[in-house]
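Engineer: predicted structure and sequence below. I'll ask about it afterward.
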Amino acid sequence: MVTQEQRKRQLAREKFLRQQQRRTASRRKARARNAVIASVLGVIVVGSLALYTTGVLKDDDKTKAGAETTPSPSPSTVKDPCEKPAEGAVKTQTWKKEPAVTIDKSAKYSMKLATTCGDIDIALKASAAPHTVNSFSFLAGKGYFDHTKCHRLTTNGIFVLQCGDPTGTGSGGPGYTIPDENLKDASLKANVYPAGTVAMANTSQPNSGGSQFFLVFEDSQLPPSYTPFGTVSETGMAVLKKIAAAGENTGAGDGAPNATVVIDKATVTKS
């Protein structure tokens, strides 16, 4: 017998697949437009937060699906738990191809996201996801993530915070893509990305990851299509929980965080 929770997850996965198809088609059309049209549509994209995906639901067919939703606090009733961002501007540089892999695959690497809400420390999986870790080391070294907003929080069905887009729209990237890696990681059991997982966002197409990534603050059921490349520390999880508790700005479980989550500085170090 199918339980209510199983049915809810099934509906979520079905909507996830529909959403991926819509976003992929939309992204392809956007590339074909000239710069003037693209700049106008960029305003629309900011509102929709729907071009680049981590597999998070954009629950725009909720009434038909009958899915349950956990209400999110509205921005007007939530006190921002985060500090003001550090002074500085977002860099918008891009590159034509993936940087050469120069990291030591046998060494240990970690990434520190110094955010306005607190530090999030991440142990990186260099040996299992060398292209991904190498890319993050390269981008962090260029200051690519500095002063960028974590633009998306999902609290309905899937529980993630999405970051890594300098444009803050969900459609930005470094200009190159990296291959999928580590999709058979031992932590991914029964298509569940456990709390603490850090994984790559993509466009639903193979090997389409760029710079966007998501941090899982509660176990989330997703197909194993998103490179898991790190694990958040215990103190980092406390920061994620604080951000999640403030909710998102639509009240429907998928939108911009009510908390002002800005990465003041991202650093990747070898130990």
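Structural biologist: Received it, and whenever you're ready, just let me know what you need. Keep in mind it's a predicted model, so treat the numbers as computed, not measured.
Engineer: use CA for all of it now, contacts and neighbours both
Structural biologist: Fine.
Engineer: okay, strands next: where are they in the protein?
Structural biologist: Using DSSP state E, the strands of the chain run over 109-115, 118-124, 148-149, 152-156, 158-163, 192-193, 197-200, 213-216, 220-221, 228-232, 254-255, 262-270.
Engineer: quote the end-to-end distance of stretch 186-199.
Structural biologist: Taking CA to CA, to the nearest Å, the first and last residues of stretch 186-199 lie 14 Å apart.
Engineer: isn't Thr102 right up against Val133?
Structural biologist: No: in this structure, Thr102 is not within contact of Val133 by CA atoms under 8 Å, at 10.1 Å.
Engineer: please say which of those two ends up with more neighbours.
Structural biologist: Legend: neighbour count by other CA atoms under 10 Å for Thr102 and Val133, higher for Val133 (24 against 12).
Engineer: show me the shaky parts of the stretch 151-271 of the chain.
Structural biologist: Low-confidence regions of the stretch 151-271 of the chain, defined here as pLDDT under 70, do not occur.
Engineer: so which of the strands of the chain is nearest Ser137?
Structural biologist: Counting by CA to CA, Ser137 lies closest to strand 262-270 out of those; the figure is 5.4 Å.
Engineer: quick check: buried residues in the closest one?
Structural biologist: 262-268 (16 or more other CA atoms under 10 Å).
Engineer: how about the strands of the chain, which one is nearest Lys184?
Structural biologist: strand 228-232 (9.2 Å).
Engineer: who does the closest one pair with, and is each partner parallel or antiparallel?
Structural biologist: strand 118-124 (antiparallel), strand 197-200 (antiparallel) (DSSP bridges).
Engineer: next, the angle from it to strand 109-115.
Structural biologist: Between the axes of strand 228-232 and strand 109-115, defined by axes from the mean of the first three to the mean of the last three CA atoms, to 10 degrees, the angle is 60 degrees.
Engineer: which residues sit against strand 228-232?
Structural biologist: 120-126, 128-129, 132-133, 181-183, 185, 196-200, 215 (CA atoms under 8 Å, 6 or more residues apart in numbering).
Engineer: so Ala259 versus His131, what's the distance?
Structural biologist: 31 Å.
Engineer: take the strands paired with strand 228-232 and write them to a markdown table, including distance to Lys142 and mean neighbour count.
Structural biologist: Shown next, in a markdown table, are those (distance: least, CA to CA, whole Å; neighbours: other CA atoms under 10 Å):
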| stretch | distance to Lys142 | mean neighbour count |
| --- | --- | --- |
| strand 118-124 | 18 | 22 |
| strand 197-200 | 19 | 25 |
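Engineer: I'd like the ones you listed laid out as JSON lines, including distance to Cys150.
Structural biologist: JSON lines is the format used below for those (distance: least, CA to CA, whole Å):
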{"stretch": "strand 118-124", "distance to Cys150": "13"}
{"stretch": "strand 197-200", "distance to Cys150": "14"}
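Engineer: excluding sequence neighbours, find me the nearest residue to Lys265.
Structural biologist: Excluding the flanking residues, the one nearest Lys265 by CA to CA, 6 or more residues apart in numbering is Asp146, at 4.6 Å.
Engineer: okay but that neighbour is in contact with Asp165, surely?
Structural biologist: No: using CA under 8 Å, Asp146 is not in contact with Asp165; the gap is 10.4 Å.
Engineer: okay, now Val160: neighbour count?
Structural biologist: Val160, neighbours per other CA under 10 Å, totals 29.
Engineer: report the buried residues of stretch 148-158.
Structural biologist: Within stretch 148-158, judged by 16+ other CA under 10 Å, the buried ones are 148-158.
Engineer: with distance to Met111 added, can I get the residues you listed in a markdown table?
Structural biologist: Converted to a markdown table, the buried residues of stretch 148-158 look like this (distance: CA to CA, whole Å):
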| residue | distance to Met111 |
| --- | --- |
| Thr148 | 16 |
| Lys149 | 17 |
| Cys150 | 16 |
| His151 | 19 |
| Arg152 | 20 |
| Leu153 | 21 |
| Thr154 | 23 |
| Thr155 | 25 |
| Asn156 | 27 |
| Gly157 | 27 |
| Ile158 | 24 |
